[in-house]
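[1] whatever this is, show me its structure:
(one chain, ligands or ions: 2)
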Amino acid sequence: MTISRRQFLHSTLALSMMPRVAMASDSELVAQTSMQQIAPQGYPETPIWSYGGGVPGSEIRVPQGARVRRKLVNRLPQPTTVHWHGIRIDNAMDGVPGLTQEVVQPKASFNYDFEVPDAGTYWYHAHNQSMEQVARGLYGPLIVEEASGPDVDQDLTLMLDDWRLDPESAEISDDFDNGHDLSHAGRLGNLVTVNGKFDPSYPVQTSERLRLRLINAANARVFDVTLDGLAGWIVALDGMPLEVPLRVKNSFPLAPAQRADLIVDVLANSGQAASIVSVERDGAYGLAKFEVSGVPSRVARTKIDPLPANRMPEITLKDSPVHRMTMQGGAMRWLESANLGDTELSGRELAQLGRFWALNGYAERPDDPFLDVRLGSVHRIEFANETAFPHAMHLHGHHFRIILQDGTLGPWRDTVLVERGQVRQVALVADNPGNWLLHCHMLGHAASGMMSWFRVT
Ligand code: C2O
Ligand code: CU
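    Numbering: from 1, shown residues only. Ligands and ions are numbered 1, 2, ... in the order given. Just a heads-up that it's a prediction; the model follows:
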């Protein structure tokens, strides 16, 4: 085929007149500014920061054992990095500035390339100035599929978030370093969204079986989740299958960064609504609803099987050392003193620097790791929460098992909620070499002192 000069001119002209859009190839993850309708219809759109133009960022969905390759392109006005939350990842790909990589400057890029060993529900989010960047919308789902998944009619990812919006302009209020938030429960929003939308609804059929992948992307809010018009089980927590699915009877907590995979059956009939509900002190409100249609004659399934297990290490508690991590500070239990590097400062001096919390006496990530352990060794971490607030403690690069009241091993998790005054032990095999962050996932708490790390060599 030949192309005439006239056609050629015509087409190049057409090309040059095309609006310049960022042609993101599949393997690019562009961190950028964008606009989205976050507040209810009738309010203005909200300027957000996003991966690829919308919040949540595009879903990354791969088979277990696959490689994920993404070139992070930073089109933000701030340096950034991406952390792949919950993935037992190669340390160099973990996305922690100053510990596993340098920040990615505006206009620069970074190639993330890693294997995903475990099936389950994970997520990715910014890990530089995360208190601000995650609040602006820099997060997305990372779903790793089982080779043979459960028999369900729909597989829905629901990312929960709360936003602090100006009630007039619907702009994100930029008081990220608000000392009151930092020293109390963290930054709580005034509008709750699921998948970046206020009160979204999803079409379902009566008697359908759904897999719901709940991910809490909020800065600080602990959701207390329950079901209405649905009956179901928790089949996985923080990506990891439960050996025995847990029937959802009342409500269950979902702390920042935590995930819960549910398998639910739609009980509601056509024309009725079913919903995921958040229980709050002053009542309950719907997070997302399901518009039910179809005939009720469908045969509902009755049996529920556990998800196929991931290949996790064996933990033998016997003789495993216990390492205590004391959590101190915050409103009502103000720090008397704590260290920044080698310098001990008074609580008052620390507060002036925006530091309100301490882990084992340090009000920022210390130079030396909290733990320095041999590859393959087994450890217990005892979180002692001496503060007046709950904290969601997250360990990078590993999952740990909760040690239950009776001393037996509970579910695998990567983020554990430690209630005020509570002492909670977890156990892990340090089987992933590198430098790993350990911090509170109430992001304002992490920014104002609750940050530590451990080293596996
Ligand atoms: Cu979800 Cu250190 O992060
Ligand atoms: Cu905290």
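
[2] and the residue nearest the centre of the chain, what does it touch?
    Using CA atoms, centre = their mean, the residue of the chain that lies closest to the mean C-alpha position is residue 257, 3.2 Å off. Neighbouring residues of residue 257 by CB atoms under 8 Å, 6 or more residues apart in numbering: 85, 123, 216, 217, 392, 394, 414, 415, 441. In short, each C-beta sits where N, CA and C put it, glycine included.

[3] helix or strand: which one has it?
    Under the criterion DSSP states H and E, no helix or strand holds residue 257.

[4] ligand 1 versus that one, what's the distance?
    5 Å (CB to the nearest ligand atom, to the nearest Å).

[5] residue 186 now?
    Residue 186 is 14 Å from ligand 1, by CB to the nearest ligand atom.

[6] what does residue 220 give?
    13 Å.

[7] which residue is the nearest non-sequential neighbour of that residue?
    If the residues on either side of it in the chain are set aside, residue 220 comes closest to residue 186, at 2.7 Å by CB to CB, 6 or more residues apart in numbering.

[8] now for residue 303, how many residues are close by?
    5 (other CB atoms under 10 Å).

[9] can you check residue 253 too?
    What residue 253 shows, counting by other CB under 10 Å, is a neighbour count of 16.

[10] same check on residue 314?
    Neighbours of residue 314 (other CB under 10 Å): 6.

[11] can you start the count at 28 instead of 1 from here on
    That works, and once the first residue is 28, the last one we named lands at residue 341.

[12] what sits against it?
    residue 456.

[13] how far away is it from residue 228?
    Using CB to CB, to the nearest Å, we find residue 341 at a distance of 44 Å from residue 228.

[14] touching, residue 172 and residue 86? I think so.
    No - judged on CB atoms under 8 Å, residue 172 makes no contact with residue 86 at a distance of 11.5 Å.

[15] got the contact list for the nearest residue to residue 64 once chain neighbours are set aside?
    Leaving out its chain neighbours, the residue that sits closest to residue 64 by CB to CB, 6+ apart is residue 72, at 5.3 Å. The contact partners of residue 72, by CB under 8 Å, 6+ apart, come to 62, 63, 64, 65, 197.

[16] give the buried subset of those as a ChimeraX selection command.
    Remark: buried members of those, expressed as a ChimeraX selection using 16 or more other CB atoms under 10 Å:
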select :63,65,197
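
[17] any chance of the contacts of residue 72 in a markdown table, plus distance to residue 103 and secondary structure?
    Below are those laid out as a markdown table (distance: CB to CB, whole Å; DSSP: H, G, I helix; E, B strand; the rest coil):
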| residue | distance to residue 103 | secondary structure |
| --- | --- | --- |
| 62 | 15 | strand |
| 63 | 16 | strand |
| 64 | 21 | coil |
| 65 | 18 | coil |
| 197 | 20 | coil |
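
[18] of the contacts of residue 72, closest to residue 368?
    For those, the minimum distance to residue 368 (CB to CB) is 39.5 Å, reached by residue 65.

[19] that closest one contacts residue 75, doesn't it?
    Yes - using CB under 8 Å as the test, residue 65 is close enough to residue 75 to be in contact (7.1 Å).

[20] name the nearest residue to the closest residue to ligand 1 within the chain, ignoring sequence neighbours.
    Residue of the chain nearest ligand 1, by CB to the nearest ligand atom: residue 112 (3.7 Å). Once flanking residues are discounted, residue 112 sits nearest to residue 150: 5.1 Å by CB to CB, 6+ apart.

[21] cross-check the contact I'm expecting between the one you found and residue 165.
    No - applying CB under 8 Å as the test, residue 150 and residue 165 come out as separate, 11.0 Å apart.

[22] for the residue in the stretch 178-327 of the chain positioned nearest to ligand 2, grab the count of nearby residues.
    Proximity of the stretch 178-327 of the chain to ligand 2 (CB to the ion) peaks at residue 213, 6.6 Å away. Neighbours of residue 213 under the rule other CB under 10 Å: 28.
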